Every structure is written in C-alpha cells, then in structure tokens.
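Novice: Model the following, please.
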Amino acid sequence: MTCERFREAVSALIDGEDPGMARADVDRHLAGCPGCRAWAARATEMTRVLRVYPAPALPDLTVSVLAAIAAERDEFAAAVLPSAAVRERTAPGVIRLTLALVAAAQVLIAAPALLGNDLGAPVHVAHEQGAWGLALAVGFAFAAWQPLKAGALIPILAAFVACMAVLGFADVGAGRAAPAGELPHVMSVLGLSLLWLEAHPPTGLQHPHVRARRPVAV
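Specialist: Model prediction:
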C-alpha cells in the first residue's frame, strides 16, 4: 500500500472522518515512515492554525442591503402603479364633491318611500324602495369618501341602472308610469357616471405626477 493512501487516512482522521482502514495500521505506517510522519505533523499543525485563526471582521451590510431592496421595490411600484395617495388625487375634487351631493339628493328621494309614501305603492313596497334608495345614497357617499374603492360599486349599480332603464321605458311606453315619475332615477345614472369617472379618470384629469410615470424595464 502506498504512502498516498496512508496520508489520505491521516487526513480523514484529522477531520474526524472514517480513514477507511484500521487506526492501528495507520499508526504502524507512521512509526516506520519518516516522510508520512512529517507530513502528518504538518497537516495536523495546519489544521489547528486554520481552526483557531480569527475570521476577518466584515462590515454588517444588512441594513444597507435591505434599504436598497426596499428603495428599488418602491421605485418600481411607483412607476408601474401610483401610490394610494397619488391615485386619490387623480379623482378631481369636483367629482367627489358632486358625488357627495348626489348622495345627499338620493337621501331626500328615498325619504318619502321610507316613510311609506311612494306614489301610491303599498307601504311594504314603498319601504323596500326607500331602503334601496338609501343604500344607493350610502354607496355614493362612501365612494366620495374612499375614491379608491369606487370601482367595486360599478358592476352592481350598472346592472341596476340598465334594468331600471329598460323597464322604465317599457312602463312609460305602456302607460303604466308617467315620465315625470321616472326623473328621480336620473340621480342613479348620474351617480354611476361619477363612479366611473372616479375609478377611471380621463388622462387629462389625472394628476401630472401619474401621467409622467412609465413602467420601468426589469
């Protein structure tokens, strides 16, 4: 067996690994081989020096690295999607104010029905109509207060306005309703239009900070 195989066994013993042969055979070879004995002594000393050698002091870059990652993330998010504060400014104040006024008008329209007076309708039906009208008012007021959530109301209100328009025209055409009696529903149509403008402001109405941003390449 060559000295190289014994030196591999010595290296394994120094590292606490299986030498692949009996320890007695390794010791016997080292006792009779000055070259391997010297090699084992150097290897043992080198291992000891490396194990006790202090690690060089390195600066802690955790804070700076995390800050750089957060800055890149915020820059990308701001370039692709404007922040909530900026988006809130994209809905001009006049739209939000008008929507709040529509909500107030809707409360006035719903009030008689809530009191049981809805153009001769049964009291129960009048109450249901008034409750729906009041719910519309609350939805409009909430959208004026929280413009970022206005889009969630659009599908429900659009379905209501579409059904109301079709049935209203049919009732007026058949003589079951007077045109003047359908005028209060104009508020719902106006409210829907304002919700759409609030959720999808035209480019000309957007805040200049939003118009100037473009998606960045990643």
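Novice: shaky segments in the protein?
Specialist: 1, 49-57, 77-92, 116-122, 124-126, 177, 180-182, 202-218 (pLDDT under 70).
Novice: most distant residue from the middle of it?
Specialist: residue 32 (73.2 Å; Cα atoms, centre = their mean).
Novice: Backbone dihedrals for that residue, please?
Specialist: When read as degrees, to the nearest 10, the backbone of residue 32 gives phi -100, psi 0.
Novice: so residue 171 is in which element?
Specialist: helix 154-173 (DSSP states H and E).
Novice: and that helix, how far from the chain's centre?
Specialist: Averaging C-alpha positions (Cα atoms, centre = their mean, to the nearest Å) puts helix 154-173 35 Å from its chain's average.
Novice: For that helix, name the packing helices and strands.
Specialist: helix 186-199 (3 or more Cβ pairs under 8 Å, 6 or more residues apart in numbering; DSSP states H and E). In short, each C-beta sits where N, CA and C put it, glycine included.
Novice: in stretch 33-41, what's buried?
Specialist: Going by neighbour count (16 or more other Cβ atoms under 10 Å), the buried part of stretch 33-41 is 36, 39-40.
Novice: Now do the helices in this structure.
Specialist: Secondary structure of the chain (DSSP state H): helices at 3-14, 23-32, 34-52, 62-80, 84-90, 93-114, 123-145, 154-173, 186-199, 208-212.
Novice: Outside of the third one itself, list whatever touches it.
Specialist: Counting by Cβ atoms under 8 Å, 6 or more residues apart in numbering, the neighbours of helix 34-52 from elsewhere in the structure are 3, 6-7, 10-11, 14-15, 29-31.
Novice: Tell me the buried residues within those residues.
Specialist: For the contacts of helix 34-52, buried by 16+ other Cβ under 10 Å: 6-7, 10-11, 29-30.
Novice: quick one: contacts for residue 107?
Specialist: Listed by Cβ under 8 Å, 6+ apart, the contact partners of residue 107 are 133-134, 137.
Novice: Kindly indicate the member of the residues you listed with the most neighbours.
Specialist: Using other Cβ atoms under 10 Å as the neighbour test, the contacts of residue 107 are led by residue 133, with 24 neighbours.
Novice: was I right about that residue contacting residue 109?
Specialist: Yes - with contacts counted by Cβ atoms under 8 Å, residue 133 reaches residue 109, the gap being 5.7 Å.
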